[in-house]
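[1] Just need the structure, nothing else, for what follows:
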Amino acid sequence: MDISVSSSTTQNGASGGGAAAEGIAPVFIKQILYSPEGNFSLYGITFGMVSCVCIVRSIDVSSTKITYCLEDHSGQIEAHYWLEEGDSTKAPDIMLNHYVKLFGSVRTQGSQKMLMVFKMIAIMNSNEVCTHILEVLNARYKSEEFASKGSDTYPTNVDSMNFNSKSSGDDSLGLEGKQLAVLQAVKNNISTEGISRKELQQKFNHISGNELNSLIEFLISEGHIYSSFDADHFVSSE
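    Below you'll find the predicted structure:
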């Protein structure tokens, strides 16, 4: 059964109006490989992150990052997980030739598409693979529906276009897009003083300083992170 989404889906999205890059789009690898440069888009709706369900075919550990070769029914792609100060103990707990669910952003290196991993978790229930396929198809049709109604009917907050199911979202504490990415960066830092505001800005240089401050304040108000020895260093409360 061919359940691949046509590559033209993402290519059509490249010409869409400038919606903010937020929210998480469930995708197949083929959609990433055929997507235009920049943030991933579906019918003009731009997403800050994507989620994939894949099999891990290889794992290559270096001093600064872990490189994964991931595969689904539609293709293969490399994904990179950057280590905090070379600390591999914070690497995702996954195994070769097993399914994982990945949250990350799409990058282009030379002419090659790749994924920057924010979060990767092992899949223990095969139903999650089928669920992901349905989420991908739902995202495709919902995005096409919004696009067909014209730009006036686009959602004002693209976070509302987070198509991932609540069952998979439970592990991300109900957070979406940039919120999840910033929280994960704070969690990945294991130093006693925590990660600094400056380090976060360097990691997410595509996010403005004001927006990053708002994301930090939101995570503090929700109890996910707290400031450590001063107001510019943060640690996870989990």
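
[2] rest of the way, CA atoms for contacts and neighbours
    Fine.

[3] domain assignment for the chain?
    Recorded structural domains for the chain (assignment: automatic domain parsing) are 8-164, 173-236.

[4] Can you list the buried residues in the longest helix seen in the chain?
    Longest helix in the chain, counting residues (DSSP state H): helix 127-148. Of the residues in helix 127-148, 128-129, 132-137, 139-140, 142-144, 146-147 count as buried by neighbour count, 16 or more other C-alpha atoms under 10 Å.

[5] Kindly format the C-alpha coordinates of whichever strand or helix holds residue 68 as CSV.
    Here residue 68, judged by DSSP states H and E, is contained in strand 65-72. Extracted in CSV, the C-alpha atoms of strand 65-72 (Å, rounded to 0.1, in the frame of the first residue of the first chain):
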residue,chain,number,x,y,z
LYS,A,65,27.1,15.0,18.4
ILE,A,66,25.4,11.8,17.6
THR,A,67,24.4,11.1,14.0
TYR,A,68,21.5,8.8,13.3
CYS,A,69,20.5,7.2,10.0
LEU,A,70,16.7,7.0,10.1
GLU,A,71,14.4,5.2,7.8
ASP,A,72,10.6,4.9,7.1
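
[6] What strands line up against it, and which way round?
    Strand pairing for strand 65-72, determined by DSSP bridges: strand 49-61 (antiparallel), strand 75-82 (antiparallel).

[7] Just the residues contacting the last one, thanks.
    When contacts are taken as C-alpha atoms under 8 Å, 6 or more residues apart in numbering, the neighbours of strand 75-82 outside the stretch itself are 29-30, 33, 64-71, 91, 113-118.

[8] which parts of the helix or strand just after that strand are buried?
    Sequence-wise, the next helix or strand downstream of strand 75-82 (DSSP H and E) is strand 99-109. Judged by neighbour count (16+ other C-alpha under 10 Å), strand 99-109 contains these buried residues: 99, 100, 101, 102, 103, 104, 105, 106, 107.

[9] In CSV: those residues, plus distance to residue 48 and pLDDT.
    Listed next are these as CSV, based on distance: C-alpha to C-alpha, whole Å; pLDDT from 0 to 100:
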residue, distance to residue 48, pLDDT
99, 23, 96
100, 20, 95
101, 17, 94
102, 14, 93
103, 10, 90
104, 9, 89
105, 7, 89
106, 9, 91
107, 11, 90
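
[10] Taking these together, which two end up most distant?
    Maximum pairwise distance in the buried residues of strand 99-109, criterion C-alpha to C-alpha, is 22.1 Å, between 99 and 107.

[11] where does the protein have its least confident helix or strand?
    helix 166-169 (a mean of 41; mean pLDDT, DSSP states H and E).

[12] Low-confidence ranges, this structure, go.
    By pLDDT under 70, the weakly predicted segments of the chain are 1-22, 85-89, 149-176, 238.

[13] if we go to 80?
    Within the chain, the stretches with pLDDT under 80 are 1-23, 38-39, 43-45, 84-90, 143, 145-177, 190-192, 222, 229, 237-238.

[14] and the gap between the most centrally placed residue in it and residue 51?
    By C-alpha atoms, centre = their mean, the chain has its centre lying nearest to residue 104, at 2.8 Å. According to C-alpha to C-alpha, to the nearest Å, residue 104 and residue 51 sit 7 Å apart.

[15] Repeat that for residue 211.
    Residue 211 is 23 Å from residue 51, by C-alpha to C-alpha.

[16] Thanks a lot, catch you later.
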